[in-house]
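[1] 3D model of this:
(one chain, ligands or ions: 2)
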Amino acid sequence: MSAAGIVAAAGSGSRLGADRPKALVDLAGRPLVAWAVDTLLAGGVDEVVVAVPAAEHDQFAAALPSRVRLVEGGATRTASVRAALAAVGPGVDAVLVHDAARPLTPPDVVARVLAALAAGALAVVPVLPVVDTTVVVDAEGTVTAAPDRAALRRVQTPQGFSRVVLADGYAGLPLGAELTDDAAVVRASGIPVTTVAGDERAAKVTVPHDLRVAEMLAAR
Ligand SMILES: Nc1ccn([C@@H]2O[C@H](COP(=O)(O)OP(=O)(O)OP(=O)(O)O)[C@@H](O)[C@H]2O)c(=O)n1
Ligand SMILES: C[C@](O)(CO)[C@H](O)COP(=O)(O)O
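    Residues are numbered from 1 along each chain as shown. Ligands and ions are numbered 1, 2, ... in the order given. Here you go, the predicted structure:
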């Protein structure tokens, strides 16, 4: 089975508040995007396409191996993945979509996603259990429900798909629609999504505290 990796790296990182796009922020001497690309390649992906902000194209090119292809990202994550997917070759069997913002994802997670696809799954997401009580609130912040957390999972990346299934999902999604992940895109077209074990180290760098935690882990 041949697999391509897509790295969504075109976000600004407004919640991190750095002086550059989040994917170019340094973690232990290398930008977050370089860590994410390495994870995909080490986990068994054959080729990688990275969606980047147009203004920083040259900085991304300088930070990544020459075999990695860059495309201009969009205004939303959904638009960025759509643009990168268009650059994936038609001969590829599977596509894994990963966040540059999850730099310390172990290659084992990639391998688990690839194994599930090779076993016949059409869509696979790595997940972790929810460990806090989780509630639903109304517009005033009043709790209206407390779902059974045993049935809830936190969803990570990379998320893996049959290339045809992901391409069909994006083709059926109206231009401009924004969903928070790629599994939601294929679920909208009726495809079942399988889960495999995620990893706490695959946590997303969103706010400054997350980057401090990642720096401590990377220093080990
Ligand atoms: N237009 C966008 C927005 C996000 N992403 C990517 O999607 C991943 C997950 O998004 P998130 O961590 O929320 O990043 P940002 O959108 O950059 O963060 P913020 O909402 O704080 O601005 C990141 O790797 C980010 O670069 C992208 O490729 N294109
Ligand atoms: C794709 C994702 O990382 C799965 O957990 C997540 O949905 C992206 O989060 P964002 O803040 O909406 O970009």
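
[2] what's the spacing between E72 and V52?
    To V52, E72 is 7 Å away according to Cβ to Cβ, to the nearest Å. Bear in mind the C-beta positions are built from the backbone N, C-alpha and C, glycine included.

[3] how about A150, phi and psi?
    phi -60, psi -20 (degrees, to the nearest 10).

[4] what's around it, how many residues?
    Look at A150: counted by other Cβ atoms under 10 Å, it has 7 neighbours.

[5] how close does it sit to V137?
    21 Å.

[6] related to what we said a few turns ago, looking at E72 and V52, which one has more neighbours?
    V52 (29 against 14).

[7] check contacts around that one.
    9-10, 23, 33, 60, 70-73 (Cβ atoms under 8 Å, 6 or more residues apart in numbering).

[8] out of those residues, who has the most neighbours?
    That'd be A23 among those, by other Cβ under 10 Å, with 32 neighbours.

[9] pretty sure that one is touching A100, no?
    Yes - between A23 and A100 there is a contact under Cβ atoms under 8 Å: 3.8 Å.

[10] which residues do those two both contact?
    7, 9, 11, 32-33, 36.

[11] farthest-separated two in these?
    Spatial extent of these (Cβ to Cβ) is set by the pair G11 and A36 at 12.3 Å.

[12] the two - which one has more neighbours?
    A36 (27 against 21).

[13] if I read this right, that one contacts L104, doesn't it?
    No - counting by Cβ under 8 Å, A36 stays clear of L104, with 9.3 Å between them.

[14] okay, strands next: where are they in this structure?
    3-8, 26-27, 30-31, 47-52, 69-72, 94-99, 123-129, 136-137, 143-145, 153-155, 159-162, 194-197 (DSSP state E).

[15] residue numbers of this protein in contact with ligand 1?
    8-15, 22-23, 51, 73-77, 80, 99-101, 204, 206 (Cβ under 6 Å from any ligand atom).

[16] pull the contacting residues for G190.
    By Cβ under 8 Å, 6+ apart, G190 has no neighbours at all.

[17] just list the residues touching the residue in the chain positioned nearest to ligand 1, thanks.
    Proximity of the chain to ligand 1 (Cβ to the nearest ligand atom) peaks at G11, 2.1 Å away. Neighbouring residues of G11 by Cβ under 8 Å, 6+ apart: 21-23, 73, 77, 80, 100-101.

[18] now stretch 159-170, how far from the centre of its chain.
    In terms of Cα atoms, centre = their mean, to the nearest Å, the centre of stretch 159-170 is set 14 Å apart from its chain centre.

[19] for stretch 59-66, that is, sorry about that
    From the chain centre to the centre of stretch 59-66 is a distance of 19 Å (Cα atoms, centre = their mean).
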